[in-house]
Structures are given as structure tokens and as C-alpha cells.
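Next input, structure requested:
(chains A, B, C, D, E and F)
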Protein chains: 4
Amino acid sequence: MVNTQTKPAPTRRNRQYEKRLSAILKAAAKTIAREGYEGASVRRVAARAKIGLSGIYYYFHNKEELLFALQEHTFSTLVETLQERLASAETPEEKLRAVIDNHFEYFVNNLDELKVCVHEIESLSGHYYKQVLKIRQGYFALVKKVIREVRGRRTGIDPNLAALFLFGSLNWVYMWYDPRKNTEMKKLSKQLRRIYFNGMTAP
Amino acid sequence: MVNTQTKPAPTRRNRQYEKRLSAILKAAAKTIAREGYEGASVRRVAARAKIGLSGIYYYFHNKEELLFALQEHTFSTLVETLQERLASAETPEEKLRAVIDNHFEYFVNNLDELKVCVHEIESLSGHYYKQVLKIRQGYFALVKKVIREVRGRRTGIDPNLAALFLFGSLNWVYMWYDPRKNTEMKKLSKQLRRIYFNGMTAP
Amino acid sequence: MVNTQTKPAPTRRNRQYEKRLSAILKAAAKTIAREGYEGASVRRVAARAKIGLSGIYYYFHNKEELLFALQEHTFSTLVETLQERLASAETPEEKLRAVIDNHFEYFVNNLDELKVCVHEIESLSGHYYKQVLKIRQGYFALVKKVIREVRGRRTGIDPNLAALFLFGSLNWVYMWYDPRKNTEMKKLSKQLRRIYFNGMTAP
Amino acid sequence: MVNTQTKPAPTRRNRQYEKRLSAILKAAAKTIAREGYEGASVRRVAARAKIGLSGIYYYFHNKEELLFALQEHTFSTLVETLQERLASAETPEEKLRAVIDNHFEYFVNNLDELKVCVHEIESLSGHYYKQVLKIRQGYFALVKKVIREVRGRRTGIDPNLAALFLFGSLNWVYMWYDPRKNTEMKKLSKQLRRIYFNGMTAP
DNA sequence: TATGAATGAGACTTCATTCAT
DNA sequence: TATGAATGAAGTCTCATTCAT
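Residues are numbered from 1 along each chain as shown, chains lettered A, B, ... in the order given. Here you go, the predicted structure:
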């Protein structure tokens, strides 16, 4: 089953298993991104993953666990890569850039996954929700810390609110970004950095 | 049916009709806000509106029309009130404030409705979607124009992107705003204005 | 819905409703008697009742409620008619006869229902189970009291055990009684009375 | 496979096989006793037997065969031990006691198995059913013969009916016997004997 | 104007079973 | 001897919608 703590050596069987599993996750991301979590049917996810309907239930206990796996993985990755970037950033400005670039870069390479993470946060419930919440809170804390450094002593800026507004800008992107138009991510990033950096450092 | 162009004099019967209709809309907003459009069942909407299930279908042709009515009304109102506010604003700064205050004020008084508008945009399809899209585009155009005025000659700012980022910040609010904590809207507005105004006017 | 406390006057509509409802119950009894509770599918119950599958769910919230309604009604009737019979019985012997005849008579007229009640007692759970349990306990108490009268002062007989054994004999009938062979109920009753009456009154 | 006629010498391998097999049967008895035959899933039987799901299918062709093995073994044992007991009983009374004690003793040591045998008789079908039926008929014949001896010349007692009533009392025990309360089997046996012996021998 | 009764489609999930390994 | 992976069939239930009244 998914989420086993022990990772055995990748035998041929294991590799087959992992392949199927990630095929299912990819299919789930695509389907849920297009139809919404409630709107997406497990059957259609299975069809896209080229597996029998009941095959899904060999890998996941239920539909919600599919969404959970998606969110858990995406947010964890987001946090990890951000931490790496932040480690090699020095000035507050560089750190803000790390935050923004990290988010955009992941986004542009994982459109479906990020959409599902942003748009279906409340579709999880109970234990699943709480577990993802924790990771998201970690992510939020990282960003808030960066913002605190950016604003320095300017007490007119509330880091909490500023972080929430920034997340709004970042998360909303999936609603208008069109990959076919191939808008340069660099430009997006630069614009957003400019607004928020200047916005938070002006006297 | 909904959206009749001709508005007859408000007889007692008409008033009864309108009352029921808005009760249904309120119930729909609450239900869809909590359960999502796909997750919300017409049955539960009817129950909340204290009406028989099939009673709904006297007022609306189908479930999608419910969502449409909600979005149509909210976005139209948003545009209307913004126009009024803008008419009495003079400087670019005042206009930016009009945009932000208008959004926040409506939001705080219509939490469910705005959430439904923001979160369920893509749940409409076909004709319904297009009609709402038009209104939203009008709204967007108004805001973009304000932003253009704010940035003035600073060509480093792309009004389109800036508007999209601003909308992100505004729309994301429903995800974290907690009416029970009674956060002051004034503070929210002030913070957001500060970031975006400074962010777009810094050299 | 089923089990409404208020009983409105039987309009034509009501009569139609009642008819359907008892058709469903009859179909459920037949189906569950033949296939067992778990083995019986709601679909097949519906087919026998000549109603659409989902039609069942207009009358009952779920499958378990079907079984509950069956058991609730049967056991209640059993208790009621037994009470009537006991009221007009005088000697202990007559009372024992009332118990046995009451059970057999109901049984022979409602083979399916009684089988379902006896064989599927543990198929109910939670609230449903408890509610039926209460009625059954009432039934048991009635019988025990009769047995106490029968045994008189013979302390060698434990009324509790005797009642349980008697119920065993009564309930087991559905396993071997063949209505096509038209065994006379009178004979059954007489035999059983003889064994238990003599068995409990011998010195 | 199960029920091989030839019994090879018990090598180590064979012993391992038998062990597993009886572990599965024990698990099946427990599971089916709790959840019913239809309600019990092979998966859960396997889990309880601490074996892989498909491992079951090495020992049994299908689910029904599991139930069959259980019933076949239990009823055969019941018949065997009864025959032994009867061989050393002399008076009719002693023989009746043999019948009752035999049943109760087996019952108290094999609660799950006997429940499954009594409650799931009709869950078998076709060939499986017939085979078990034969054994049960043998059991029934034994008991009927004893009863015939007990009643002697009292033609008012129909041995067939009396046997059926007695079986009812015996079989129903699983519905109310609570092993935790540790009711003395001796008392149960004595009570039942008293009722049936006196019941059938009174003038 | 409103509802009670009904339905077909489709949702999620579990089932017994198989087969290559 | 045993299992991991997979499947088709079937299960219960909810859904949006209709229509006679």
C-alpha cells in the first residue's frame, strides 16, 4: 500500500508497482484539475491511467486518499525545494525571489498538481485534511519569515497579512495562466517581486 | 422564471415570489459555499430554503441556473458599486482604494456568495459561463484601468499582470478570513493598498 | 417517510402510498427469506415489488430500515395478539396454549416474515437492533410469565431456561415446516403443548 | 486439496499443511459466525488466518467450500461422538441424555463452528448442500430413534415432531448462550432433559 | 404556486476469483 | 506453497430531474 515507511530495494516488481502508482497519480491530477474533485469519477481516473476501475483500489483505499497523496506530495516538495533555495539566498530580496521563483517554477512544471492543491484544499476532511494542513502551515511559516526579513523595521507591514496576500497572488495564477501562450515565467516572477518588494520596503 | 426583463408592479403575489426566490438563492449560496457546486445537492438547497425539492424547479430550470443566478448577481453588483465609487474618486490612489474597499466590503457582507463566485467560476459551462465571463471581464477592465492610472509612466509595471496579482490577493481572502475573529476590514484594506500602491509607484 | 407519528386521513394519495409501502415490505420479506439479508439485493426487492430500484429509497432510508420495518411490525403484532389471547385465557394450560397457538398461527400466515424475524435478528445493528430488542424482550417476558404460572411451585424448573427452550422449538419451525405438505397446525400445537406442559408439570 | 481420501504418513511438510488448513478453518468459523456467510469476506478470513488472500485458494477452491468443510466436519464429528455415547448408554433416559450432552458439550467447545452449522445451513447449495444434508439426516435419524425409545408405546407422541422440537431447543442455544457468563452446561442439560423426558413419558 | 412520488444514470466501493511468479 | 497485482461483476446509495396533481 501507499505510504509505506520501509522502502525495499527496487526489484523489477517494485519498479512496476511504482510506475503504475505514479501513472495513477498523474491521471488523478489531470482528471481532478479538469473536473474538480467531486466532479471527477474514479472510473475516469482509472480510464486515463489505463487500469481497471477496481485496480485503483489496490493502490488507494478510497478516492479521498488519491487527493491526499497528490496534495501531500506536492506541498512537501514545495517546502523542500524552497528550503534548499532559501539556504543559498542571502539578502532578503534574494529570499523573496526564492519564494516566488520556487512557486512559479513548480507550478509551470506541474500545472495540474498545483491546481488540485490550491483549488481542492477543502475537499479533504478529517485526518487527511489535518495532515496536509500541517505541511501547508510549515510552508506558510517559511514565507512569513522571509517577509519579516523583507519588511525589516517597517511596522506598518503586518507579515501575516502580507504573506496571505502574496499567497493569493501566487495561488490565483492557475486561474489565468495559459501554458499555450508560453508567457515567460521570468516576467511573471519579476513583476510580482517588484510589487511586493517595493510594496513592503517603501517608507 | 428568473431574469425576466419586464418588471411588473410589485403586487402582493410578486412580493411573495421575490421573497421565495431570494430565500432559495441565499440557501444555494450557503450550501454551495460549504459543499462545493458538485457536492451540493438540490435537495439540500431546498431543505435549507424550507421548500419542497421540486419547488426549486419552479424558480430555476436546473441546478446550473442556480449557480449562474448567484454569480450573475454578485458580479453585476460588484461592477455597479465599483462604478459608483470610482465616479466619486479623484486621485489614482483614491481609485485604487475604491477597488479594494469595494471588494472587501461586499465580501464581508456576502461571504457565501463571494466564495461561490470565486471558487466555482469554472463550474459553469457553455452559455452560462460566457455570460458571466463578460461581466467579469468588465470588472477586470475597470480595475486594469485604475491600475494603469496608478502606475502612470512606470513602464516596468504591466497593468495586466498587476491586475491579475491584485485579484489573486482579493479573491484568496475567502480562504483564510474568519468572520468570527472579526478582523477589521479597514486594516486589511490599508495593508493591501499600501503594498500595491507603493509596489506600483516606486521608481 | 415511514414511521410518521401523525396519521392523516386516508386520502386517495395516502392509500396509494400505503399500498406501495406494503408491497415493498412483502417483496422484501419474500426476497430476504429466500436469499438472506446480506444476500438479498435491494434491486431484486425492487423488482419483486415492481418498482424502480431508487423507488425503494423513497420509502426507506436504507436497506437496514427495510429489515427493521419487517421485524418491528412482526414482533409488535406478535406481542399484541398474544396479549389479547392471554386476556381471555384462564388456566395456566390455556395460557401456554395461547403462546404456542399465537406463534404458530402467525407463522403459518406469514412464513416469510417470521423466517426473516427469526433468522436475521443479528443482521440489524445499532439503533435498529436495540429498538427491536426491546420488543422481543417484551415478548419474552410475557412468555416467561406464562411459564412461571405453568410450573407453579416446582422449583426444579427454571422459567428462564424453559422459555428459551420453548422459543427454540417455536423458532426452529421455519427450518422444516413445508406449507405444501399442509401439516396441520393443530397437531403441531398439540404436540408441543403436550411436551412442554407435561415436561414442566411432572413431579 | 481438502478431503483427500488417502492419508499419507505425516511428514513435516504434511504437518505444516494441516496446521495451516485448520488455522484457516478456525478463522473462517470465527469470521462467518460473526458476520454471516454472505457478510464474511474471504479477505477477512485470510487476514484472521494470517495468510495472504490468495493463499486461501490453495486450500479451498472457493468460498463455499470453506463453509462446506466446516459443516461437514462438525456434523460428522457430532454424529460420531453421539454414536459412541449411545453405544455405552442403556436405558432410554440415558440415551436421551447422551443426545443432549453430546450436543451441548460440542457446542460449548466450538461455539463458532456450531453457530455456523446451525445458522448457515441454507447458505450451501447444490452438491455441497446435499452432501451435508445426508450427514444431518443421519444425525436426525439417530435422535429420532432415541426418542422413539423414550416415548415407548405412548402413541400420542410423534417422534418426528418431537425430534424437530428438540433440535429447535438445542440449536437455538447459540442465540442466547453467553460464554462469559459461564452458565453451567450441566444445568442446561438437566433442564432440557427434564422437560423432554417428562414431556414424552407422561401418560 | 408547490409538492409527492418516481426514475434512470451514475457515484464509490467491495466482492470472489485468477494468474504469473 | 504462497503472494502481489489485477479485474469484472455487483453491491448500496444519491443524484438531478420530471410529471401528475
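
just for chain A, where's the confidence low?
Counting by pLDDT under 70, chain A contains low-confidence ranges at A:1-12.

Helices of that one, residue ranges please.
With DSSP state H, the ranges of helices along chain A come out as A:12-35, A:42-48, A:53-59, A:63-87, A:92-109, A:111-119, A:126-151, A:159-172, A:185-201.

Quick one: closest of those helices to C:Glu35.
Among these, the nearest to C:Glu35 by Cβ to Cβ is helix A:53-59 (24.0 Å). All C-beta spots, glycine's among them, are computed from the backbone N, C-alpha and C.

for that closest one, which positions count as buried?
A:56, A:59 (16 or more other Cβ atoms under 10 Å in any protein chain shown).

Repeat that for stretch A:124-143.
A:124, A:128-129, A:132, A:135-136, A:139-140, A:142-143.

In TSV, list these along with distance to chain B.
Shown next, in TSV, are these (distance: Cβ to the nearest Cβ, whole Å):
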residue	distance to chain B
A:Leu124	12
A:Tyr128	16
A:Tyr129	14
A:Val132	14
A:Ile135	16
A:Arg136	11
A:Tyr139	14
A:Phe140	10
A:Leu142	17
A:Val143	13
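
re the thing from before, which one of the helices of chain A lies closest to chain D?
Proximity to chain D (Cβ to the nearest Cβ) singles out helix A:53-59 among these, at 11.3 Å.

do you know which of the helices of chain A lies nearest B:Ala47?
Among those, if distance is taken as Cβ to Cβ, the winner is helix A:126-151, at 24.0 Å.

for DNA strand F, what are the nearby residues on chain A?
Chain A comes close to DNA strand F at residues A:13-14, A:16-17, A:20, A:51-55, A:57-59, as judged by Cβ under 7 Å from any atom of the strand.

just to revisit the earlier point, what is the most widely separated pair among the buried residues of stretch A:124-143?
Largest pairwise distance in the buried residues of stretch A:124-143, by Cβ to Cβ, is 23.2 Å, between A:Tyr128 and A:Val143.

Name the nearest of the buried residues of stretch A:124-143 relative to C:Ile32.
Of all those, C:Ile32 sits closest to A:Tyr128, with 36.8 Å by Cβ to Cβ.

Distance-wise, check that closest one relative to DNA strand F.
Distance of A:Tyr128 to DNA strand F, computed by Cβ to the nearest atom of the strand, to the nearest Å: 20 Å.

ok, now A:Val150?
46 Å.

Then A:Glu64?
Distance of A:Glu64 to DNA strand F, given as Cβ to the nearest atom of the strand: 15 Å.

That residue: neighbour count?
17 (other Cβ atoms under 10 Å in any protein chain shown).

Next: A:Ala23.
15.

Same check on A:Arg151?
Neighbour tally, A:Arg151, other Cβ under 10 Å: 18.

which ones are touching the residue nearest to it when sequence neighbours are not counted?
Among residues not flanking A:Arg151 along the chain, A:Ile157 sits closest, at 4.2 Å (Cβ to Cβ, 6 or more residues apart in numbering or on different chains). By Cβ atoms under 8 Å, 6 or more residues apart in numbering or on different chains, the residues touching A:Ile157 are A:147, A:151, A:200, B:191, B:194-195.

In those residues, find the pair that's most separated.
Going by Cβ to Cβ, the pair spanning the contacts of A:Ile157 furthest: A:Ile147 and B:Arg194, at 13.4 Å.

A:Asn171 and DNA strand E: what is the separation?
25 Å.

for the contacts of A:Ile157, which one is nearest chain C?
Closest approach to chain C among these (Cβ to the nearest Cβ): B:Gln191, at 50.2 Å.

wait, isn't that closest one in contact with A:Leu166?
No. Contact between B:Gln191 and A:Leu166 fails when scored by Cβ atoms under 8 Å: they sit 11.5 Å apart.

Which one of those two is surrounded by more residues?
Shown here are B:Gln191 and A:Leu166; by other Cβ under 10 Å, A:Leu166 has more neighbours (28 against 22).

Could you list which residues are in contact with the more buried one?
A:99, A:143, A:147, A:196, B:169.

and if you look at A:Arg154?
A:Arg154 sits next to A:200-201, A:203 when contact means Cβ under 8 Å, 6+ apart.

which one of those is nearest D:Ala40?
Looking across those and measuring by Cβ to Cβ, the closest to D:Ala40 is A:Met200, at 63.9 Å.

Would you quantify the distance from the closest one to D:Glu90?
104 Å (Cβ to Cβ, to the nearest Å).

ok, now A:Asn182?
A:Asn182 sits 101 Å away from D:Glu90, going by Cβ to Cβ.

One more: A:Leu124?
74 Å.

Which of the contacts of A:Arg154 sits closest to DNA strand F?
A:Met200 (44.1 Å; Cβ to the nearest atom of the strand).

which ones are touching A:Asn198?
B:198-200, B:202.

Adding distance to C:Leu66 as columns, could you present those in JSON lines?
Below are those laid out as JSON lines (distance: Cβ to Cβ, whole Å):
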{"residue": "B:Asn198", "distance to C:Leu66": "68"}
{"residue": "B:Gly199", "distance to C:Leu66": "65"}
{"residue": "B:Met200", "distance to C:Leu66": "66"}
{"residue": "B:Ala202", "distance to C:Leu66": "71"}
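
Mind picking the one among those residues that's closest to A:Phe68?
For those, the nearest to A:Phe68 is B:Gly199 (36.3 Å; Cβ to Cβ).

How about the contacts made by the closest residue to A:Gly52 other than its chain neighbours?
Residue nearest to A:Gly52 in three dimensions, not counting chain neighbours: A:Ala46, with 6.4 Å by Cβ to Cβ, 6+ apart. Applying Cβ under 8 Å, 6+ apart, we find A:Ala46 in contact with A:24, A:27, A:52-53, A:55-56.
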